[in-house]
Structure formats: structure tokens, C-alpha cells
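> for reference, the sequence and a predicted model appear below.
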Amino acid sequence: MTFPLLDWSDYATDPDAFAQALGRTCRETGFFLLKGHGIAPDLNAAIFAQAAQFFALGEDDKTPLSIATNPHNRGWAYMGSESLDETSAQRDRKEAFNIGLDLAPDDPRVLAGEPFRGVNLWPDLPEFRATMLEYFGAVWGLGVDLLKPVARDLGLPDDHFASSFDAPMATLRLLSYPAASGAGDEIGAGAHTDYGALTLLMTDGAPGLQVRPRGGDWLDVPHVPDAFIVNIGDCLMRWTNDIYVSTPHRVLPPPRARQSVAFFLDPNPDALIAALPGTGAPKYPSVTGAAYLRARLDATYKT
Ligand SMILES: O=C(O)CCC(=O)C(=O)O
Ligand SMILES: [Fe+2]
């Protein structure tokens, strides 16, 4: 397996060729690298710097922001609270912080208690919120743009997915992995496939991320500075009636402390995940975006 390096600026000059290359990788492995995406290296650097400040806070500052008591998948996940490998009892050696679509406390969707419609939790760090929201907006825009060549590859109008992602259950997730302790049986993030439509990931370059293509062995994902590692998730696989594949990946305990920033683009809560036109007899019943994500998260946080 190779990790194709796609250049987003090619989409503007030759959208058909870009869609074809993107489609090929989504059908074969569901993983690619993306450069030329226009998100400023300065903004990337700022995100990593703010994340480092957050993770350096003490438990007293982080505990009130706990995701465990938040019904909307927002906030801080402490070390050992998750097991991404649903088949294993082994706990991931990582901390995380989730930020969702930013809504005001008096937003009607928040007041109505709609699923995944909550307010974000913020640490007391002066530039944290503004930096996170700027990045959230930029990567959300890029993710929705990437769904245009996806639609084109599937023979659908370019804007086919737009209305399913205009108020998405997207999550910006900061991740921090301590260096391997050397104790042997540990994992940074257990083997899993992502739940949503697309994931756009940046890492600090510390090794650890591996992908296992169907029928193959675990492979290290190469680091290309400032390129996103993009992969498709189970929701898009299901939407395409399995024409696209989501691929298992994991994070090994890294040789040095490691940070990464993932953006999970899940659809709107009420988006209907049903086999797309032209993809054959549906293999799965239709499901809403919210019902699908809730079922997957419950498995991750099982006790
Ligand atoms: O930290 C990474 O490089 C990947 C994390 C990941 O796969 C996830 O959180 O879904
Ligand atoms: Fe993942």
C-alpha cells in the first residue's frame, strides 16, 4: 500500500483528475496525505502550542471540564478513560480534549436538548478559545470542500453532501500521548476505524501512527510536515454502501511524548445515512447521523 500525496490546489485546475485520484484511494485504502490545502502553518503551530498549554494544566483545572459528565461529547478525557479498540479491554494511554460546533447557551438547539448540541467547555487560557475556533472553522471548510470531489467520484452533483454538513457533529480533538513507559503491554490508541465521514489529522511528527490495509500488515504512516493525513470513516463507508473503505489504524506507544490534532467531520445529527444513488441494493438500514455516532461512542466509553 502507498499513501498517495494529493495536492488540493490541483482540484481547482483539474477537478475530474483530482476526483479520480481521491476516489481511487478512498476505494482502496481510505487513507491519503493532503498538501496545498491553504491552512496556514502558523495556525497549525498555534493549535499545537495551545494544546500543549492545556495538557500541562493540573488535574484541578481539567477535572471540571471532564467529558465523562458531558452528554455532548465535549471536554477532557483523562488518561485511561477510553478504549478505541472495541474488542479489547486495554485502555488507551492518551489524554484528549474535544471541541464541538460552537453554540451559544441560548441557541434553540441547545435549549431543546437536541443530541450533540451543547456548549463547549473552555479552559482558562487566554488565547485558547479563539485559536481553536479559527482552526475549527478552517478545517470544517476544507472537509466540506473535500466532499465535492467525493461526490463527483460517485457520479453525484458536487454539492450533494453540503446540506448534510452545514451544522455538523464535527469534533476538533486534541490528543496527547506520553512517551512509552517501557512496561511492555501498552497502547497509545487501540486499533479502530473512525466513526464519521472524514478525518483530517495533523501530528507533531513523533512516530506511532500505523494503518492496516485490508489483508495487509501494519504500516507506519509517513510524516509530511504541514500535510494533513486524511482518512474516511465508517459513516462514509456506509453511505457509499461499502464502495469506499474505512481502514483500521492505531497509535503505538511513542518513543517520545507525542501530540496530534484530529478533526472528525461527522454529518448533521438529522442527516440520513442511506445508500447513495447508484451504489446498488442497500446493505444496511438507513440511520440518522446522531443515532449512528451515539452507538459508536457508547462502545468507546464502555466500562
Ligand atoms: O493520534 C493520532 O495520530 C491518531 C488518533 C486517532 O486515530 C483517533 O483519535 O481516532
Ligand atoms: Fe482514528
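Perfect, thanks for sending it. Ligands and ions are numbered 1, 2, ... in the order given.

> for this structure, longest helix please?
Ordering each helix of the chain by length in residues (DSSP state H) puts helix 128-153 first.

> list the buried residues in that helix.
Applying a neighbour-count criterion of 16 or more other Cβ atoms under 10 Å, the buried positions in helix 128-153 are 128, 131-132, 135-136, 138-140, 142-144, 146-153. Where C-beta positions appear, they are placed from N, C-alpha and C, glycine not excepted.

> check whether Tyr292 really touches Gly233, as I assumed.
No: with contact defined as Cβ atoms under 8 Å, Tyr292 does not count as touching Gly233 (10.2 Å).

> what residues are shared contacts of the two?
Common neighbours of Tyr292 and Gly233 (criterion: Cβ atoms under 8 Å, 6 or more residues apart in numbering): Tyr195.

> residue in this structure nearest to ligand 1?
Closest to ligand 1 within the chain is Ser260: 3.5 Å, counting by Cβ to the nearest ligand atom.

> tell me the strands beside the helix or strand hosting that residue, with direction?
Element membership for Ser260, per DSSP states H and E: strand 258-265. Applying DSSP bridges to the sheet, strand 258-265 is found paired with strand 171-177 (antiparallel), strand 198-203 (antiparallel).

> got those as TSV, with mean neighbour count columns?
Formatted as TSV, the strands paired with strand 258-265 follow (neighbours: other Cβ atoms under 10 Å):
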stretch	mean neighbour count
strand 171-177	22
strand 198-203	24
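
> from Asn73, how far off is the nearest residue to Asp166 once chain neighbours are set aside?
Counting by Cβ to Cβ, 6 or more residues apart in numbering, Asn268 is the residue found nearest to Asp166 once chain neighbours are left out, at 6.7 Å. From Asn268 across to Asn73, the span is 15 Å (Cβ to Cβ, to the nearest Å).

> kindly report the same for Met132.
Relative to Asn73, and taking Cβ to Cβ, Met132 is found at 15 Å.

> which strand residues bridge the residue most central in space within the chain?
The centroid of the chain falls nearest to Phe264 when counting by Cα atoms, centre = their mean (2.5 Å). With DSSP bridges as the criterion, Phe264 is bridged to Thr171, Thr199.

> now do Val211
Leu219, His249.

> thought it was touching Val221?
Yes: at 5.7 Å, Val211 counts as touching Val221 under the criterion of Cβ under 8 Å.

> mutual contacts of the two, please.
By Cβ under 8 Å, 6+ apart, the residues touching both Val211 and Val221 are Phe3, Phe31, His249.

> what would the residues you listed look like in CSV with pLDDT and distance to Pro207?
What follows is those, written out as CSV (pLDDT from 0 to 100; distance: Cβ to Cβ, whole Å):
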residue, pLDDT, distance to Pro207
Phe3, 83, 14
Phe31, 95, 16
His249, 97, 13
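
> considering only those residues, which also neighbour ligand 1?
Among the shared contacts of Val211 and Val221, the residues that sit close to ligand 1 (Cβ under 6 Å from any ligand atom) are His249.

> out of the shared contacts of Val211 and Val221, flag the one nearest to Gln50.
His249 (25.0 Å; Cβ to Cβ).
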